[in-house]
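Provided below for reference: sequence and predicted model.
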Amino acid sequence: MISGFATTEGTAKFKQNSSVNSLNFNMFENLHLSNVGIGTYLGNPDKQTDELVKNAVKQSVLSGVNVIDTAINYRAQKAERSVGRAISELINEEKVSRDQIFVSSKNGYVTNDADIPEDFMEYVMREFGKPGIVKEGDITSGYHCMTVPYLSDQLDRSLKNLDLDCIDLMYLHNGIEGQIKDISKEQFLEKLSSVFELYEKKRDEGKIKFYGMATWECFRVMKDNPHYLSLEDVVNMAKNIGGDDHGFKFIQLPYNLNYDQALLGKNQLIQNKPVSILESSVRLGIGVFTSVPFMQGRLLSPGVMPDFGELKPSLRALQFIRSSPGVLAPLVGQKSSEHVSENLDIMNIPPINDDDFLALVKKLTS
């Protein structure tokens, strides 16, 4: 297994060695992180897609991207394995070192293993039921499980899939979204506290550096929604468990020119003042990665993307997201070499500065 994790010195060297515009890196938690990352969500669980994802990750890293995002349930564990092979090949080819790249994964959803030809429930019962990793009632109707034994098992499987001895960032994947139909908010928060205790333990063991929450609704909806979570409350929970040096430092949420709640929705409270989740994150020291930058291609249809600047639609979409104050990077799902090249043209130009971004938002919302 590959040892190490992203470091200040390693990520600074990556930034220095890359040929992209130096403004396209954000400094967060003493790491130099590219302001575009590669995501690995979609695709069939087959060998052809394995190769496409592996090559796309390698091409992205060689094009100046050092943020790689995956999850154990993406393509039924094959996404993690494709990322692992890409990292191994890059290191063996001496194109990059482990300390230069930031790797995140997610656990929580119950998944099978696409490399094992077996019925889903047969796999779940054999792998998790019989060994006692999960018991009756642990898995929700949304095929989600956030018990300590299950998440601990999943972390070890993710490390094996990725061939890493440490993952830079481990997210709880859609925690409240996957649980709230079956349990109360109070019960969820009790579970979340146990998960944070587990993640702090795994930090001490050197298996993860940071942890976070990859979400869909909870940080975008208003307070009267059952899915709603206060980021300040979650940060305070992490402080109570891990102290001031706690590892809860990141969230992930959907954000694009259509899903604009993260920027425009004043659904969070900081000192009794309504603010957006992006502003709340900045105030609380939380880094934000964003998902679905193109809404799986729907934003790229003719006439959908608003006109600003002279960039093509895909680059306008990325430029808007990565220029939003509080966003570390949009995570772009890309497989073909052509799409990687097209999307990563954005790394040759700087993001929009804060004043021009504010003017752009006023123009687009007027």
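Ah, there it is. Predicted model, so just to flag it, every value in this text is computed and none were measured.

and the longest helix seen in the chain, what other elements does it pack with?
Secondary structure of the chain per DSSP state H: the longest helix is helix 185-204. Packing partners of helix 185-204 (3 or more Cβ pairs under 8 Å, 6 or more residues apart in numbering; DSSP states H and E): helix 148-162, strand 167-173, helix 175-179, strand 208-214, helix 231-242. Every C-beta, even on glycine, is put in place using the N, C-alpha and C of the backbone.

tell me the angle it makes with strand 167-173.
Here the directions of helix 185-204 and strand 167-173 differ by 170 degrees (axes from the mean of the first three to the mean of the last three Cα atoms, to 10 degrees).

Name the residues of helix 185-204 that are buried.
Across helix 185-204, burial judged by 16 or more other Cβ atoms under 10 Å covers Phe188, Leu189, Lys191, Leu192, Val195, Phe196, Leu198, Tyr199, Glu200, Lys202, Arg203.

Please convert those residues to JSON lines, extending it with pLDDT and distance to Asn44.
Formatted as JSON lines, the buried residues of helix 185-204 follow (pLDDT from 0 to 100; distance: Cβ to Cβ, whole Å):
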{"residue": "Phe188", "pLDDT": "98", "distance to Asn44": "33"}
{"residue": "Leu189", "pLDDT": "98", "distance to Asn44": "37"}
{"residue": "Lys191", "pLDDT": "98", "distance to Asn44": "33"}
{"residue": "Leu192", "pLDDT": "98", "distance to Asn44": "33"}
{"residue": "Val195", "pLDDT": "98", "distance to Asn44": "31"}
{"residue": "Phe196", "pLDDT": "98", "distance to Asn44": "35"}
{"residue": "Leu198", "pLDDT": "98", "distance to Asn44": "32"}
{"residue": "Tyr199", "pLDDT": "98", "distance to Asn44": "31"}
{"residue": "Glu200", "pLDDT": "98", "distance to Asn44": "37"}
{"residue": "Lys202", "pLDDT": "98", "distance to Asn44": "31"}
{"residue": "Arg203", "pLDDT": "98", "distance to Asn44": "35"}
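
all strands for the stretch 251-366 of the chain, in order.
Ranges of strands in the stretch 251-366 of the chain, per DSSP state E, counting those that start in this stretch, are 268-270, 273-275, 287-291, 327-333.

rewinding a little: I'd like the buried residues of helix 185-204 written out as CSV, with distance to Leu300 added.
Below are those laid out as CSV (distance: Cβ to Cβ, whole Å):
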residue, distance to Leu300
Phe188, 36
Leu189, 39
Lys191, 38
Leu192, 36
Val195, 36
Phe196, 38
Leu198, 40
Tyr199, 36
Glu200, 41
Lys202, 39
Arg203, 39
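
out of those, who's nearest Trp216?
Phe188 (14.7 Å; Cβ to Cβ).

isn't the closest one right up against Lys181?
No: between Phe188 and Lys181 there is no contact under Cβ atoms under 8 Å: 10.8 Å.

So, low pLDDT: which residues of this protein?
By pLDDT under 70, the chain has no low-scoring segment.

For it, just list every one of the helices.
So, for the chain - with DSSP H - the helices run 8-17, 47-62, 78-92, 120-124, 148-162, 175-179, 185-204, 231-242, 261-264, 277-284, 313-323, 337-343, 354-365.

How about the fourth one, which residues are buried there?
If I follow you right, that is helix 120-124. Using 16+ other Cβ under 10 Å as the test for burial, helix 120-124 gives Tyr123, Val124.

now do the fifth one
Along helix 148-162, these residues count as buried under the neighbour rule (16+ other Cβ under 10 Å): Pro149, Tyr150, Leu151, Ser152, Asp153, Gln154, Leu155, Arg157, Ser158, Leu159, Asn161, Leu162.

Output the helices and strands packed on helix 185-204 in a markdown table, with distance to Leu269 appended to each entry.
Listed next are the helices and strands packed on helix 185-204 as a markdown table, based on distance: least, Cβ to Cβ, whole Å:
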| stretch | distance to Leu269 |
| --- | --- |
| helix 148-162 | 29 |
| strand 167-173 | 22 |
| helix 175-179 | 18 |
| strand 208-214 | 18 |
| helix 231-242 | 7 |
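
Of all these, which one comes closest to Thr111?
Among the helices and strands packed on helix 185-204, the nearest to Thr111 by Cβ to Cβ is helix 148-162 (8.6 Å).

and of the buried residues of helix 185-204, the nearest to Ser22?
For these, the nearest to Ser22 is Arg203 (30.7 Å; Cβ to Cβ).

wait, doesn't that closest one sit right on Lys209?
Yes: judged on Cβ under 8 Å, Arg203 makes contact with Lys209 at a distance of 6.9 Å.

how many other residues sit next to the closest residue to Leu164 other than its chain neighbours?
Of all residues not flanking Leu164 in the chain, Ile2 sits nearest, at 5.2 Å (Cβ to Cβ, 6 or more residues apart in numbering). Neighbour count for Ile2, taken as other Cβ atoms under 10 Å: 17.

Identify the residues contacting Ile2.
The neighbours of Ile2, taking Cβ atoms under 8 Å, 6 or more residues apart in numbering as the test, are Ile87, Ser88, Ile91, Arg98, Asp163, Leu164, Asp165.

ditto for Ile116
Tyr123.

For the helices of the chain, give me TSV that also has distance to Gln296.
Output for the helices of the chain, formatted as TSV (distance: least, Cβ to Cβ, whole Å):
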stretch	distance to Gln296
helix 8-17	29
helix 47-62	16
helix 78-92	16
helix 120-124	24
helix 148-162	24
helix 175-179	18
helix 185-204	28
helix 231-242	26
helix 261-264	18
helix 277-284	22
helix 313-323	12
helix 337-343	13
helix 354-365	22
